[in-house]
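Enquirer: build the 3D model from these lines:
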Amino acid sequence: MRKLKNEELDRLEVSEFKKAEKSPIIIVLDNIRSLNNIGSVFRTSDAFLIEKIYLCGITATPPHNDIRKTALGSTETVDWEYAENTLDIVKKLKAKNITICSIEQAESATMLNDFQPQPNEKYAFVFGNEVKGVAQDVVDASDVVIEIPQFGTKHSLNISVSCGVVVWDVFSKLTLDVRR
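Expert: Model prediction:
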């Protein structure tokens with residue numbers, strides 16, 4: 001097997017990305033501290049045609065060198081908006097009939113492998129602070145809490161890894177029938 005060169009990957013140009021039909025997924029970052037995590041979420045969002053990222057609370061916004069290093073230009077492709085209060089964004093999205101899914105460990109959480117997204121629904125996935133997780137008031141306002149099953153000694157995954165796992169899982173479940 002020969003590795004493909006970047007020019008062989010047939011990726012979208014920025015203008016094509018802006019016009020492309022987006023996946024029915026929105027990302028909400030609730031008080032993320034690490035600029036590298038923020039940049040990584042942008043990059044994942046670009047890879048899966050995420051509609052928009054909401055950067056809330058202490059979450060830094062582009063342009064910033066440390067975000068740019070891991071985002072690799074995706075801050076120019078993925079739409080984003082800053083909001084001071086995560087709960088306000090959650091309420092705004094709920095008013096638009098968007099299903100709010102907090103990614104958190106909580107009582108009665110739905111395991112990611114059991115979560116079945118519906119093809120005609122739009123989802124907002126909330127990822128929380130590296131230490132405190134998703135704020136309790138946001139968890140309370142969520143339609144569902146999704147937990148990523150883990151089997152080792154650690155209590156959580158890095159937020160950028162969690163985002164990649166959840167987005168890939170949901171994206172693949174929503175597009176599986178399309179690719180067959």
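
Enquirer: for the chain, longest helix please?
Expert: Counting residues, the longest helix in the chain under DSSP state H turns out to be helix 159-179.

Enquirer: and that one, what does it pack against?
Expert: Secondary structure elements in contact with helix 159-179, counted by 3 or more Cβ pairs under 8 Å, 6 or more residues apart in numbering; DSSP states H and E, are strand 23-30, helix 35-47, strand 99-103, strand 123-128. (Glycine included, C-beta is placed from N, CA and C.)

Enquirer: tell me the angle of it relative to strand 123-128?
Expert: 160 degrees (axes from the mean of the first three to the mean of the last three Cα atoms, to 10 degrees).

Enquirer: what's helix 159-179 in contact with?
Expert: Contacts with helix 159-179, where a contact means Cβ atoms under 8 Å, 6 or more residues apart in numbering, come from 23-25, 27, 29, 32, 34, 36-37, 40-41, 44-45, 48, 50, 70, 103, 112-113, 115-117, 119, 123, 125, 127-128, 130, 146, 148, 156-157.

Enquirer: filter those down to the buried ones, PyMOL style.
Expert: A single PyMOL command selects the buried members of these (16 or more other Cβ atoms under 10 Å):
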select buried, resi 23+24+25+27+29+32+34+36+37+40+41+44+45+48+50+70+103+112+115+117+123+125+127+128+146+148+156
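
Enquirer: before we move on, the earlier item: tabulate the helices and strands packed on helix 159-179 (JSON lines), appending mean pLDDT.
Expert: As requested, the helices and strands packed on helix 159-179 are arranged in JSON lines below (pLDDT from 0 to 100):
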{"stretch": "strand 23-30", "mean pLDDT": "97"}
{"stretch": "helix 35-47", "mean pLDDT": "98"}
{"stretch": "strand 99-103", "mean pLDDT": "98"}
{"stretch": "strand 123-128", "mean pLDDT": "98"}
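
Enquirer: reformat those as TSV; add distance to residue 59.
Expert: Rendered in TSV, the data for the helices and strands packed on helix 159-179 read as follows (distance: least, Cβ to Cβ, whole Å):
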stretch	distance to residue 59
strand 23-30	5
helix 35-47	6
strand 99-103	15
strand 123-128	10
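
Enquirer: and for the closest residue to residue 14 other than its chain neighbours, the neighbour number?
Expert: Setting aside the residues directly before and after it, residue 14 is nearest to residue 77 in space (Cβ to Cβ, 6 or more residues apart in numbering), at 5.6 Å. The local packing count at residue 77 equals 21, with neighbours defined by other Cβ atoms under 10 Å.

Enquirer: counting neighbours, what do you get for the residue lying closest to residue 23 once chain neighbours are set aside?
Expert: Taking Cβ to Cβ, 6+ apart, and ignoring the residues beside it in sequence, residue 23 has residue 49 as its nearest neighbour in space, at 4.8 Å. For residue 49, the count of nearby residues is 18 (other Cβ under 10 Å).
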